[in-house]
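Chemist: Quick one: sequence and predicted model below, then my questions.
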Amino acid sequence: MSTEGIERRRSERFLFKASATVRRGEEGEALRARVVNASLGGLLLAVKASEPLTVGDRVICEVNVPEGFETGMPRRGVGRVVRVDGEYAGVEFDIAG
């Protein structure tokens, strides 16, 4: 049985547009990002940086949820980059809150 094309996500993804800040660890440079979509387990971000994120990078993401817009989604997450495709980076959260 082929598994090609089967989604392996743990949580459903939702289109969600917001700005965000991403840091490599606590002391890393703040990188501007745009949230492309989100789930309970992570984010897909568009990040433009002189030194792009790479798979395995430990990151802290802070999402700027617009005032009065309640998503139920965490505004801050700690995790790791699990996928990079050009300027897009998939981040899987270890801790969100």
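Modeler: Arrived safely. Since we're looking at a predicted model, the values are computed, not measured.

Chemist: Strands along the chain, start to end?
Modeler: Secondary structure of the chain (DSSP state E): strands at 14-24, 31-39, 42-47, 58-64, 76-85, 88-96.

Chemist: Take these and write them to TSV, including mean pLDDT and mean neighbour count.
Modeler: Where you see a C-beta, it was placed from the backbone N, CA and C, and this is true even at glycine. Output for the strands of the chain, formatted as TSV (pLDDT from 0 to 100; neighbours: other CB atoms under 10 Å):
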stretch	mean pLDDT	mean neighbour count
strand 14-24	88	16
strand 31-39	92	19
strand 42-47	93	22
strand 58-64	92	18
strand 76-85	93	16
strand 88-96	87	18
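
Chemist: Quick check: chain neighbours aside, which residue is closest to the residue positioned nearest the centre of the chain?
Modeler: Central residue of the chain (CA atoms, centre = their mean): L43, 2.9 Å from the mean position. Spatial nearest neighbour of L43, chain neighbours left out: V91 (5.0 Å); criterion: CB to CB, 6 or more residues apart in numbering.

Chemist: Now do the contacts for that neighbour.
Modeler: Going by CB atoms under 8 Å, 6 or more residues apart in numbering, V91 touches V22, G42, L43, L44, L45, V59, C61, G77, G79, R80, V81, V82.

Chemist: ditto for L43
Modeler: Taking CB under 8 Å, 6+ apart, we find L43 in contact with A20, V35, V36, N37, C61, V63, G77, G90, V91, F93.

Chemist: and if you look at A46?
Modeler: A46 sits next to A33, R34, V36, E87, Y88 when contact means CB under 8 Å, 6+ apart.
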